[in-house]
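In: just need the structure, nothing else, for what follows:
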Amino acid sequence: MTTQSAENLAPAMNTSPRFRVTLRHVSLVLIAFGLLVSGYLSYAKLTNTATVCSVSERFDCGTVQNSRYSEIAGIPIAVLGFVMYATLGTLTLLQSRVAFLRENGMILIFGIALFAWMYSMYLVYLQWQVIGVFCQWCLAHEANMTVLFGVTLLRVIQSFSDEAPAA
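Out: A predicted model of the protein is given here:
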């Protein structure tokens, strides 16, 4: 009786195709999380419902949600965040299916993510220096946006390296 290594047995035992997690998949998960957070904050703002939030000396979602910085031209920031995540999700899902997006989708996604991340950092600054308290939900969005921007940056770099001509 001969013994075979696990390495030799693996191909024979596993004949099903493997699911490979890509940066695109990670982006879609982050976008889904962002839709949940911004959707909850939008609901709370539009219905004037208090968010589930621990209130302390440093945290008060109600104060942040009702500050003068929580809207732009009468549109709640949370709604704009929801629209941004929905747009990124749509572009990401259609990127491989629509000719225009195959060619230009990654740069559009990057531009939106860059602007959203920069604005999110501005919102952190406002909570910290101007409003004086933080909102845990807002910080969850801002942390998520930071990770999503990082993943998007990696996807852009990857897309440019995929397009580079072979030497």
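
In: for this structure, what spans make up the helices?
Out: Here the chain has its helices, by DSSP state H, at 6-13, 23-47, 61-65, 77-94, 99-125, 136-163.

In: now do the longest one and helix 99-125, the angle between them.
Out: Between the direction of helix 136-163 and that of helix 99-125, the angle (axes from the mean of the first three to the mean of the last three Cα atoms, to 10 degrees) works out to 140 degrees.

In: the second one too?
Out: In terms of direction (the same axes, to 10 degrees), helix 23-47 departs from helix 99-125 by 50 degrees.

In: quick one on the thing from earlier: which of the helices of the chain sits most buried?
Out: Burial of the helices of the chain is given as mean neighbour count (mean count of other Cβ atoms under 10 Å); helix 61-65 ranks first at a mean of 20. Quick note: C-beta positions are derived from backbone N, CA and C, even for glycine.

In: which intervals of this protein have sub-threshold pLDDT?
Out: 1-16, 164-167 (pLDDT under 70).

In: now the helices of the chain as CSV including distance to residue 54?
Out: CSV is the format used below for those (distance: least, Cβ to Cβ, whole Å):
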stretch, distance to residue 54
helix 6-13, 49
helix 23-47, 15
helix 61-65, 9
helix 77-94, 19
helix 99-125, 18
helix 136-163, 7
